[in-house]
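sequence plus predicted model, see below.
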Amino acid sequence: MEKLRQLIGREAVLQLIGLKRTALDEAVERGDFPPPVKMFEGGRKSFWDREEVLAHIEARFEARKKTDSKVTKTKMKKRISK
């Protein structure tokens, strides 16, 4: 049986990611955040798949870990070369 998607509204997304409405809209436009879905043609309310949002947040933390690791290695090389 296929798992049902849990949809969350804009306010719930904003609470999860800690951004303002405009910043969220800009991130979606740039392709930096999962796009919302509309339940009805011409509908005004936007929804996000909760799992997609959580996966995006987790991916950002994973990317940071890789970046932090590279920065730490670079700092260590500089200290050793002194």
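Looks like it came in fine. Numbering: from 1, shown residues only.

now stretch 30-50 - C-alpha only, CSV.
Extracted C-alpha coordinates of stretch 30-50, given in CSV (Å, rounded to 0.1, in the frame of the first residue of the first chain):
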residue,chain,number,x,y,z
ARG,A,30,15.2,30.1,-7.7
GLY,A,31,14.6,26.3,-7.4
ASP,A,32,16.3,26.3,-3.9
PHE,A,33,13.2,24.9,-2.2
PRO,A,34,10.6,22.3,-3.2
PRO,A,35,7.7,23.9,-5.0
PRO,A,36,4.2,23.8,-3.5
VAL,A,37,1.2,22.1,-5.0
LYS,A,38,-2.3,23.4,-5.5
MET,A,39,-5.2,21.1,-4.7
PHE,A,40,-7.5,22.7,-7.2
GLU,A,41,-7.1,24.3,-10.6
GLY,A,42,-7.0,28.1,-9.9
GLY,A,43,-6.8,27.4,-6.2
ARG,A,44,-5.1,30.0,-4.0
LYS,A,45,-3.9,27.9,-1.2
SER,A,46,-0.5,26.3,-1.5
PHE,A,47,0.6,23.0,0.2
TRP,A,48,3.9,21.3,0.6
ASP,A,49,4.7,17.6,1.1
ARG,A,50,5.9,17.5,4.7
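
may I see the buried residues of that stretch?
Buried residues in stretch 30-50, counted by 16 or more other Cβ atoms under 10 Å: 33-34, 36, 46-48. Heads up, the C-betas are built off the backbone N, CA and C, glycines and all.

next one: stretch 13-23
In stretch 13-23, counting by 16+ other Cβ under 10 Å, buried: residue 13.

contact partners of it?
For stretch 13-23, the surrounding residues in contact (Cβ atoms under 8 Å, 6 or more residues apart in numbering) are 8, 10, 24, 27, 33, 48, 53-54, 57.

which of the residues you listed count as buried?
8, 24, 27, 33, 48, 53.

just flag the most distant two among these.
8 and 27 (15.9 Å; Cβ to Cβ).
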